[in-house]
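Enquirer: When you get a sec, could you give me coordinates for this:
(2 chains, ligands or ions: 2)
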Amino acid sequence: MYAIVVATNIGIFVLLALSLNIIAGYAGQSSIGHAAFFGIGAYTSAVLTSTLGVNFWLSLPIAFVVTGLIGALLGLASMRVKEDFLAITTIGINFVVVAIFQYAPIFGASLGMSVSKPSLFGVKMDNLMFLILVGALIAAMVIFMRIIEKSWFGLALASIRNDEAAASSLGVNIVKFKVLAFAVGTAVAGLAGGVYAHYMTFIYSSDFAFLVSISILSMVVIGGIGTIRGPIVGAIILGIAPELFRFISDYRMIVYGGLLVLMMLFQPQGIVGNGSFLVNKFEALFGKGRKKSVVS
Amino acid sequence: MLKLQDAEIFYGQMEVIKKVSLEVKQGELVSVIGANGAGKSTLIKAMMGLVKIKHGKLFYEGEDITDYPAWKRAELGIGYVPEGRRIFGDLSVEENLKMGAYKIKDKAQIKRNLEKAYDMFPKLSERRNQLARTMSGGEQQILAISRALILEPRLLLIDEVSMGLMPIMVNYCFSLIKELNQQGITVLVVEQNANKVLKIADRGYLIETGQIMVEGTAESLRQNDVVLKAYLGE
Ligand SMILES: Nc1ncnc2c1ncn2[C@@H]1O[C@H](COP(=O)(O)OP(=O)(O)O)[C@@H](O)[C@H]1O
Ligand SMILES: [Mg+2]
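Expert: Ligands and ions are numbered 1, 2, ... in the order given. Next up is the predicted model:
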């Protein structure tokens, strides 16, 4: 059924948006090349299952760990550049990674890579099973992010995002936490990549191009950066829009870019971010359920 | 306790601190006064490890800490109250204070220290669940100070506590600093408001365009011609 295909696709982008949110939202790091890690996870698991014959269910955690390690390493290297250049550095990383996919024979080079459909209990996984898998991963990710928000890790990230100097004067090791945020965020993107590769059964370097990174970033920002619901809502809206309005597909980047600018101008918190118009209205109607809502 | 020797600090090519030497002895309340742009914030940030000292040395209790990162200095007992009430706006008052306790391992002690802060500043207790950025300027300054106190620093570095506050809050903050000093915390405070700070300080330095021009007891600074003319408005 077509709806299942669309939903699974959107679900994968929900995972990607949530994972970028840990880096860009929680830690406040302007990482703009997230699709690179989506791709690293996809190609890692694809090589594992299709070339080396590793089981799909084992390839996923390996893709998770490998991508997270590479993400941590690149994050650490990026810490050496000034804040303003982090965005540009991460764009560069995206281009380099895509070029490697495109030219390295082990990744199928310009022909792309075929990936075999995995099985679960001896049954080939159909689309519905993938949708359930993606749904389960999203649920796990949401629980994980709720735990982060309440943990020391989450507090430390928020303090770094608000004021690095003040945070480090309290004993917070800034570099350590930024790199940790990179590791966790990219690892989840790698996991999403592993699922994507086996769901699509064919991957090509351009699936992970810079434009994909922009899509993920748009989802986070348009939905509401720094919250859990924001990236989910953003990914759903930007995922469904091209299905409803076919013409958007052709002009996707213009529409996303335009939306980004509009959001920045009128609702920088995003559609459902803290303090956004919708959330304020909702809280006015139903009482403020959250203790931390903005008052006075 | 803290000793800065011939420090030179640059932003790019521009030398902002030129061969500055300065000392804070155990138990003292020392102030650095100077006009806007003189280099006061740069100096205090260098002591916390937030800007790099290019030449020169910084000693804390005899230990050379010139190359220590800020978080390591915090572990050694140096606290810092940044300029402009830089609290963590996205966090609640309680979470701000918890971040102050970040380096404390013992949960019971974190709780004790937070309660101590609440006892000291009942206003913060009333607002513990409020987002820090929604508080008034004065309350934010109190939060910034109490956040730095949670770690029980032995040396407190305070940058321009009076900036942008109402006069009544300014007075309150200065008397609070004096009180903290009397409780045994060594304090270095940099301040444009020379008049007020020289009333509570033991000693002082006058800094102009990155150089120490005058130094001495607060009393002698108050009577110094240069200070009188330029900073005490007489
Ligand atoms: N991050 C920076 N980059 C470049 N120049 C700076 C920076 N911060 C301060 N300066 C310059 O250094 C000088 C001293 O600034 P500062 O230490 O903030 O002075 P004060 O705190 O006494 O007002 C000023 O000329 C200021 O313009
Ligand atoms: Mg200053």
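
Enquirer: what does chain B put close to chain A?
Expert: B:45, B:48-50, B:69-71, B:73-75, B:79-80, B:82, B:86-92, B:95, B:98-100, B:102-103, B:129-131, B:134, B:144, B:147-148, B:151 (Cβ under 8 Å from any Cβ of the partner chain). From N, CA and C alone the C-beta is placed, and that goes for glycine too.

Enquirer: From the residues you listed, keep the buried residues only.
Expert: B:45, B:48-50, B:69-71, B:73-74, B:79-80, B:82, B:86-92, B:95, B:98-100, B:102, B:130-131, B:134, B:144, B:147-148, B:151 (16 or more other Cβ atoms under 10 Å in any protein chain shown).

Enquirer: Just the closest residue of the stretch 101-250 of chain A to ligand 1, please.
Expert: residue A:165 (10.8 Å; Cβ to the nearest ligand atom).

Enquirer: Please determine how far that residue is located from residue B:212.
Expert: Going from residue A:165 to residue B:212 by Cβ to Cβ, to the nearest Å gives 24 Å.

Enquirer: ranges for the strands of the chain?
Expert: You didn't say which chain, so I picked chain A. Applying DSSP state E to chain A gives strands spanning A:113-114, A:119-120, A:123-124, A:202-203.

Enquirer: switch to chain B, that's the one I care about
Expert: B:2-11, B:14-24, B:29-33, B:55-60, B:63-64, B:78-81, B:155-159, B:186-191, B:203-208, B:211-217.

Enquirer: Please tabulate those in CSV and include mean pLDDT as additional columns.
Expert: Below are the strands of chain B laid out as CSV (pLDDT from 0 to 100):
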stretch, mean pLDDT
strand B:2-11, 95
strand B:14-24, 95
strand B:29-33, 96
strand B:55-60, 96
strand B:63-64, 96
strand B:78-81, 95
strand B:155-159, 96
strand B:186-191, 96
strand B:203-208, 95
strand B:211-217, 94
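
Enquirer: what stretches of chain A score poorly on pLDDT?
Expert: A:287-296 (pLDDT under 70).

Enquirer: rewinding a little: got the strands of chain B as TSV, with distance to ligand 1 columns?
Expert: Output for the strands of chain B, formatted as TSV (distance: least, Cβ to the nearest ligand atom, whole Å):
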stretch	distance to ligand 1
strand B:2-11	3
strand B:14-24	4
strand B:29-33	9
strand B:55-60	16
strand B:63-64	23
strand B:78-81	14
strand B:155-159	7
strand B:186-191	7
strand B:203-208	7
strand B:211-217	12
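
Enquirer: nearest to ligand 2, of the strands of chain A?
Expert: With Cβ to the ion, the closest approach to ligand 2 among the strands of chain A belongs to strand A:202-203: 53.5 Å.

Enquirer: now what about that closest one, what contacts it?
Expert: Identification of contacts with strand A:202-203 by Cβ atoms under 8 Å, 6 or more residues apart in numbering or on different chains yields A:42, A:43, A:46, A:112, A:113, A:114, A:115, A:196, A:197.

Enquirer: now, the most widely separated pair of those residues?
Expert: A:114 and A:196 (14.1 Å; Cβ to Cβ).

Enquirer: show me what contacts the nearest residue to residue B:56 once chain neighbours are set aside?
Expert: Once flanking residues are discounted, residue B:56 sits nearest to residue B:7: 3.7 Å by Cβ to Cβ, 6 or more residues apart in numbering or on different chains. By Cβ under 8 Å, 6+ apart, the contact list for residue B:7 reads B:17, B:19, B:20, B:21, B:43, B:46, B:53, B:55, B:56, B:57, B:58.

Enquirer: Got a PyMOL select line for the buried ones in those?
Expert: Selection command for PyMOL covering only the buried members of the contacts of residue B:7, criterion 16+ other Cβ under 10 Å:
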select buried, chain B and resi 17+20+43+46+53+56+58
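
Enquirer: circling back to that earlier point, pull out the buried members of the contacts of strand A:202-203.
Expert: Burial by neighbour count, 16+ other Cβ under 10 Å: within the contacts of strand A:202-203 this picks out A:42, A:43, A:46, A:112, A:113, A:115, A:196, A:197.

Enquirer: and those as JSON lines, adding distance to residue A:205?
Expert: Compiled in JSON lines, the buried ones among the contacts of strand A:202-203 are given as follows (distance: Cβ to Cβ, whole Å):
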{"residue": "A:42", "distance to residue A:205": "10"}
{"residue": "A:43", "distance to residue A:205": "9"}
{"residue": "A:46", "distance to residue A:205": "12"}
{"residue": "A:112", "distance to residue A:205": "7"}
{"residue": "A:113", "distance to residue A:205": "9"}
{"residue": "A:115", "distance to residue A:205": "14"}
{"residue": "A:196", "distance to residue A:205": "13"}
{"residue": "A:197", "distance to residue A:205": "12"}
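
Enquirer: Centre-most residue in chain B?
Expert: With distances taken as Cα atoms, centre = their mean, residue B:158 lies nearest the centre of chain B, 1.1 Å away.

Enquirer: doesn't residue B:190 make contact with that residue?
Expert: Yes: using Cβ atoms under 8 Å, residue B:158 makes contact with residue B:190 at a distance of 7.3 Å.

Enquirer: what is in contact with these two at once?
Expert: Contact criterion Cβ under 8 Å, 6+ apart; residues shared by residue B:158 and residue B:190: residue B:44.

Enquirer: Out of the contacts of residue B:7, which is nearest to residue A:25?
Expert: Scanning the contacts of residue B:7 for proximity to residue A:25, where the rule is Cβ to Cβ, the winner is residue B:46, at 32.0 Å.

Enquirer: Now do the same contact list for the closest residue to that closest one other than its chain neighbours.
Expert: Spatial nearest neighbour of residue B:46, excluding adjacent residues (Cβ to Cβ, 6+ apart): residue B:53 at 5.2 Å. Taking Cβ under 8 Å, 6+ apart, we find residue B:53 in contact with B:7, B:8, B:9, B:46, B:66.

Enquirer: rerun that using 6 Å as the cut-off
Expert: With contact taken as Cβ atoms under 6 Å, 6 or more residues apart in numbering or on different chains, residue B:53 is in contact with B:7, B:9, B:46, B:66.

Enquirer: what's the farthest-apart pair in the residues you listed?
Expert: Farthest pair in the contacts of residue B:53 (Cβ to Cβ) is B:9 and B:66. Separation: 11.6 Å.

Enquirer: Just want to know which of these two has more residues nearby.
Expert: Between residue B:9 and residue B:66, counted using other Cβ atoms under 10 Å in any protein chain shown, the more crowded position is residue B:9 (22 against 18).

Enquirer: Quick check: the more buried one touching residue B:17?
Expert: Yes: Residue B:9 is within contact range of residue B:17, at 3.8 Å (criterion: Cβ atoms under 6 Å).
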